[in-house]
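1. for reference, the sequence and a predicted model appear below.
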Amino acid sequence: MADQSTTTIRATFETREAADLAVEHLVQQHGISRPDIFIQSTTDRNTAGTAPSGGDASHDEGARTDAALEGEIEVSAEIAASQIAVVQRSLGEAGAIRVSGR
């Protein structure tokens, strides 16, 4: 009988750009449905991460200062227990600074 158990995997990112890339990896490489993936701040503050990225970093006049850089971003999803190692590796490749499963 195949193992049908699931686990919640969580990954923490410094930028929204890296978190978005991780979501694309989860959907396209691992077949996880977008509604089953959650993105949230690791603090009680609204945040775009801890460092400028994407459009925030490439403004003609230097880095934008109006982005809410108030903390890290967490991406979480329910995955099959058999996917833990490959998903952890994928999240790391997307730029995760921490990955945990429970």
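-> Everything's here; your move.
2. what's the neighbour count on the closest residue to residue 5 other than its chain neighbours?
-> Leaving out its chain neighbours, the residue that sits closest to residue 5 by CB to CB, 6 or more residues apart in numbering is residue 81, at 4.4 Å. No exception for glycine: its C-beta is placed from N, CA and C like everyone else's. By other CB atoms under 10 Å, the residues close to residue 81 number 11.
3. how about residues contacting the longest helix along the chain?
-> In the chain, ranked by residue count with DSSP state H as the criterion, the top helix is helix 16-30. Among residues not part of helix 16-30, those counted as contacts by CB atoms under 8 Å, 6 or more residues apart in numbering are 11, 13, 32-34, 37, 39, 48-49, 53-54, 73, 75, 77, 79, 83, 86-87, 90-91, 93-96.
4. please enumerate the helices of the protein.
-> Defined through DSSP H, the helices belonging to the chain, from first to last, are 16-30, 84-93.
5. what's the most buried one of those?
-> Among the helices of the chain, the stretch with the highest mean neighbour count (mean count of other CB atoms under 10 Å) is helix 16-30, at a mean of 18.
6. give me the angle between it and helix 84-93.
-> 150 degrees (axes from the mean of the first three to the mean of the last three CA atoms, to 10 degrees).
7. just the C-alphas of helix 16-30, formatted as PDB.
-> These are the backbone C-alpha positions of helix 16-30, laid out as PDB (Å, rounded to 0.1, in the frame of the first residue of the first chain):
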ATOM      1  CA  ARG A  16       8.600  38.700  -2.700                       C
ATOM      2  CA  GLU A  17      10.300  38.000  -6.100                       C
ATOM      3  CA  ALA A  18      11.900  34.800  -4.600                       C
ATOM      4  CA  ALA A  19       8.600  33.800  -3.000                       C
ATOM      5  CA  ASP A  20       6.800  34.200  -6.300                       C
ATOM      6  CA  LEU A  21       9.400  32.100  -8.000                       C
ATOM      7  CA  ALA A  22       9.000  29.300  -5.400                       C
ATOM      8  CA  VAL A  23       5.200  29.300  -6.000                       C
ATOM      9  CA  GLU A  24       5.900  28.800  -9.700                       C
ATOM     10  CA  HIS A  25       8.200  25.900  -9.000                       C
ATOM     11  CA  LEU A  26       5.600  24.300  -6.700                       C
ATOM     12  CA  VAL A  27       2.900  24.600  -9.400                       C
ATOM     13  CA  GLN A  28       4.900  23.800 -12.500                       C
ATOM     14  CA  GLN A  29       7.400  21.300 -11.300                       C
ATOM     15  CA  HIS A  30       5.500  19.600  -8.500                       C
END
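8. cheers, nothing more for now.
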